[in-house]
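Asks: 3D, please:
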Amino acid sequence: MLPKEGAGRIEGGKLVGPWTPFHPSGNVKAKTSFEDGEMKGETSLHWQHGGVHATRMMNHGTRLGEWQEFEYGETNPKRSQE
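Replies: Presented below is the predicted three-dimensional model:
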């Protein structure tokens, strides 16, 4: 399923390269990259106010490692999960 609102390229019905969907407020919702329609590289999720909520590495749609979650710009190891 393709995101309804975002900035990025779609080729042959698949997301390609950097992609940035937005919250209704206009602030960034996430930043990720796609290769052949699958997430690849670092993905970051953002709060509605614009701060980074979590990051994780992806490889062809597969999650690598643990989510790093943040509060007030600091890593919160109690909230980070596999």
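Asks: tabulate the CA atom coordinates of stretch 59-69 in CSV.
Replies: Taking Å, rounded to 0.1, in the frame of the first residue of the first chain, the C-alpha atoms of stretch 59-69 are listed here in CSV:
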residue,chain,number,x,y,z
ASN,A,59,17.1,-4.1,4.6
HIS,A,60,14.7,-4.9,1.8
GLY,A,61,11.7,-4.6,4.1
THR,A,62,13.3,-6.6,6.9
ARG,A,63,14.0,-5.0,10.3
LEU,A,64,17.7,-5.1,11.4
GLY,A,65,18.6,-4.7,15.1
GLU,A,66,16.5,-2.8,17.7
TRP,A,67,14.4,0.3,17.5
GLN,A,68,16.2,3.2,19.2
GLU,A,69,13.5,5.3,20.9
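Asks: how far out from the middle of the chain is it?
Replies: Centre-to-centre, stretch 59-69 and its host chain are 10 Å apart (C-alpha atoms, centre = their mean, to the nearest Å).
Asks: for the strand ranked longest in the chain, which helices and strands make contact with it?
Replies: Ranked by residue count, the top strand of the chain under DSSP state E comes out as strand 62-71. If you count contacts as 3 or more C-beta pairs under 8 Å, 6 or more residues apart in numbering; DSSP states H and E, strand 62-71 packs onto strand 52-59. To be clear about C-beta, it is placed using only N, CA and C from the backbone, and glycine gets the same treatment.
Asks: ok, now with 10 Å
Replies: For strand 62-71, the elements it packs on are strand 38-39, strand 41-46, strand 52-59, judged by 3 or more C-beta pairs under 10 Å, 6 or more residues apart in numbering; DSSP states H and E.
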